[in-house]
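[1] next one to model:
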Amino acid sequence: MSGALTVSVVIVSRDRPEALCRCLLGVSQLRYDPFEVVVVADAAGRAALRALPAAAHVTLVEFDAANISAARNAGIAAAAGEVVAFLDDDAVPEPTWLGYLTAAFADPAVAAAGGFVRGRSGISFQSRGAMVDAEGRQTPLDLDPGRITLLTASPGRAIKTEGTNMAFRRSVLAALGGFDPRYRFFLDETDLNLRLAERGAVTALVPLAQVHHGFDESPRRRADRVPRDLTEIGASWAVFLARHCPQARRGAVWADVQAAERRRALRHMVAGRLEPRDVAPLLAGLRAGHAEGLRRRAEPLPPLPDPVRRFRPVPQRPDAR
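    Presented below is the predicted three-dimensional model:
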C-alpha cells in the first residue's frame, strides 16, 4: 500500500521494554510509505530501543512521568507527519494496518480514524467500533467489515477510537491542545473523542486497519487483567464526569462505576485470581483516586506548536509499496 500523506506513528512506553521491542518489530513490517516512528519512553524503554538496529531511524523522546496524556502530547510535539497514528507498546500492528488506517484521510473532511483491535489470541476482537456518550457508556456499532464507515459526531455523543489503534490529522490535534494531562491513565482518548464531537468532527472507522493487543502487565494490572491499583481510574472518572457529564447525573454514574468495579473485583476473587483481602483496598483506591481527581484543576489546553523538526521517514522495505 502507498499514500501521499506523511504519517507519524507515536508509541508511548513505560515499564515494558520487552513489549516495546516486540511492537517495534511489528512496526518494521509495515507496508506503507512514507511514515516515521516517534517513541516516547522511560529509562528502561530508552535503553531497550538504543540496543536495536532500528534505533537510528526512530525519533526518541525522553519521558519519565507516569502520565500517558502528557507523554502522547510530547510525542505529538515531536511528530512532523500530516497524520499522527498511535499504538500502545503492548500492541503489534498487521503489516497492512497503517495503509488502511491512513486511507481514510483521503477524504479531507475526516479528522480522526480508528481501526479494529484483536486480542492476544489473534482471533477474537477486543474492539470493533462503538459510540460513547457523556456518561462514558459505549454502544457497539454494526459496521461493514470490508469498508470504511464515516460517522459524524455530535455534542455528548462521540465516535470511540481506541488508544492502541487510532489516528488524527496533526492539525486537528494541535487545535484541540492534544490530550488533557489530567487524565494520567484511562479515558484520555474518550475525552478527546468527546471534544472532537463538540466540533461535529467526522471520524472514520476502518475495520481492516487491525492491531493485536496483548494487555501486558503494568503497575495498574497484571497480565491476566486482574487490577493492582484503581486509583488513577477513579481520578480519571472524576475528571471525565466533571468535564462532560450533566451535573444531575454525576452521582448516579459514579455509583454505577463503583458497583461495576466491585463486581469485577469479586469475579476475579471467585475465580481465584484475587485474594479476598485485596478487594477492599482496591475499591478504597478507586474512591481515593476519585477524590484526588476532583482536585485536579481544569486548565485551558493551548494549541500545540508546529513541528520543530523535519519529517524523518523510515527506510522502506522492498515490499512496502
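[2] quick one, domains of the protein?
    Each domain of the chain is listed here as a residue range: 7-213, 231-294, per automatic domain parsing.
[3] make JSON lines out of those and add mean neighbour count.
    In this view, the C-beta of every residue, glycine as well, is placed from N, C-alpha and C. Converted to JSON lines, these look like this (neighbours: other C-beta atoms under 10 Å):
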{"stretch": "domain 7-213", "mean neighbour count": "20"}
{"stretch": "domain 231-294", "mean neighbour count": "16"}
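[4] of all the ones you listed, which lies closest to Leu304?
    Closest to Leu304 of the domains of the chain, according to C-beta to C-beta: domain 7-213, at 4.1 Å.
[5] check which helices and strands the strand ranked longest in the chain is in contact with.
    Secondary structure of the chain per DSSP state E: the longest strand is strand 202-213. If contacts are counted by 3 or more C-beta pairs under 8 Å, 6 or more residues apart in numbering; DSSP states H and E, strand 202-213 sits against strand 91-93, helix 97-103, strand 110-118, strand 149-152, strand 157-160.
[6] and of the domains of the chain, who's closest to Val314?
    Short answer: domain 7-213, nearest of the domains of the chain by C-beta to C-beta, at 4.6 Å.
[7] wait, Glu135 sits on Trp254?
    No - the pair Glu135 and Trp254 fails to qualify as a contact (C-beta atoms under 8 Å) at a distance of 10.0 Å.
[8] which residues are common contacts for the two?
    Counting by C-beta atoms under 8 Å, 6 or more residues apart in numbering, the shared contacts of Glu135 and Trp254 are Leu241.
[9] could I get the helices and strands packed on strand 202-213 as JSON lines with distance to Ala55 and mean pLDDT?
    What follows is those, written out as JSON lines (distance: least, C-beta to C-beta, whole Å; pLDDT from 0 to 100):
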{"stretch": "strand 91-93", "distance to Ala55": "19", "mean pLDDT": "97"}
{"stretch": "helix 97-103", "distance to Ala55": "20", "mean pLDDT": "98"}
{"stretch": "strand 110-118", "distance to Ala55": "27", "mean pLDDT": "99"}
{"stretch": "strand 149-152", "distance to Ala55": "38", "mean pLDDT": "98"}
{"stretch": "strand 157-160", "distance to Ala55": "34", "mean pLDDT": "98"}
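[10] could you export the helix or strand following the longest strand of the chain as PDB, CA atoms only?
    Counting by DSSP states H and E, the next helix or strand C-terminal to strand 202-213 is helix 231-244. Extracted C-alpha coordinates of helix 231-244, given in PDB (Å, rounded to 0.1, in the frame of the first residue of the first chain):
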ATOM      1  CA  THR A 231      -6.500   5.000  41.900                       C
ATOM      2  CA  GLU A 232      -6.000   6.500  38.500                       C
ATOM      3  CA  ILE A 233      -9.100   5.000  37.100                       C
ATOM      4  CA  GLY A 234     -11.000   6.700  39.900                       C
ATOM      5  CA  ALA A 235      -9.200  10.000  39.300                       C
ATOM      6  CA  SER A 236     -10.000   9.900  35.500                       C
ATOM      7  CA  TRP A 237     -13.600   9.200  36.200                       C
ATOM      8  CA  ALA A 238     -13.800  12.300  38.400                       C
ATOM      9  CA  VAL A 239     -12.200  14.500  35.700                       C
ATOM     10  CA  PHE A 240     -14.300  13.000  32.900                       C
ATOM     11  CA  LEU A 241     -17.600  13.400  34.700                       C
ATOM     12  CA  ALA A 242     -16.900  16.900  35.700                       C
ATOM     13  CA  ARG A 243     -15.900  17.800  32.200                       C
ATOM     14  CA  HIS A 244     -18.600  16.000  30.200                       C
END
